[in-house]
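J.: give me coordinates for this.
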Amino acid sequence: QHNALIGRDAAFKSTVVTLGGDVVRLHPRVSYQGPGGEAELFGLYVTTAGRHHEHRLLVDHTAPHCRSNVAYKGALQGEDSHAVWIGDVLIQSPATGTDTYELNRNLVLTD
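T.: Prediction:
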């Protein structure tokens, strides 16, 4: 699990690459402590036969005028390769002016 607490006018960037392992589970978490914070989370995963890669993200907007950008891309190849991606964004009531975007794209290379 990766945790980031972003302060006033601070910027955070995370890049995750998962290529191996029979079972991989990552849980990045971002929350904001003050206004004007910015987070960018990027991920790339390649899952092969019989492997399971799981990415469960949570971006918790608790402060006003913050920004988040999430982009994950994956490729799956081989029998019984599995990928799970869950991207949750919570926008709390004090988080006025929130700007957020999430993207997940996958390429399936075998039937």
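
J.: only C-alpha atoms for contact and neighbour calcs from this point on.
T.: Will do.

J.: residue contacts, the most centrally placed residue in the chain?
T.: Centroid-nearest residue in the chain, with C-alpha atoms, centre = their mean: residue 57, separated by 4.3 Å. Shown in contact with residue 57 (C-alpha atoms under 8 Å, 6 or more residues apart in numbering): 27-29, 85-88.

J.: then residue 105?
T.: Taking C-alpha under 8 Å, 6+ apart, we find residue 105 in contact with 72-74.

J.: now swap in residue 40 and tell me
T.: By C-alpha under 8 Å, 6+ apart, the contact set of residue 40 is 12-14, 68-70.

J.: can you list those in a markdown table and add distance to residue 102, neighbour count and secondary structure?
T.: Shown next, in a markdown table, are the contacts of residue 40 (distance: C-alpha to C-alpha, whole Å; neighbours: other C-alpha atoms under 10 Å; DSSP: H, G, I helix; E, B strand; the rest coil):
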| residue | distance to residue 102 | neighbour count | secondary structure |
| --- | --- | --- | --- |
| 12 | 16 | 15 | strand |
| 13 | 14 | 13 | strand |
| 14 | 14 | 13 | strand |
| 68 | 8 | 22 | strand |
| 69 | 6 | 16 | strand |
| 70 | 5 | 19 | strand |
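
J.: adding pLDDT and distance to residue 103, write those out as CSV.
T.: Putting the contacts of residue 40 into CSV (pLDDT from 0 to 100; distance: C-alpha to C-alpha, whole Å) gives the following:
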residue, pLDDT, distance to residue 103
12, 97, 18
13, 98, 16
14, 96, 15
68, 98, 11
69, 98, 8
70, 98, 6
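
J.: out of those, which is nearest to residue 1?
T.: Taking C-alpha to C-alpha as the measure, residue 1 lies nearest residue 14 of the contacts of residue 40, at 12.6 Å.

J.: from residue 73, how far out is the closest one?
T.: According to C-alpha to C-alpha, to the nearest Å, residue 14 stands 14 Å off from residue 73.

J.: now do residue 6
T.: 24 Å.
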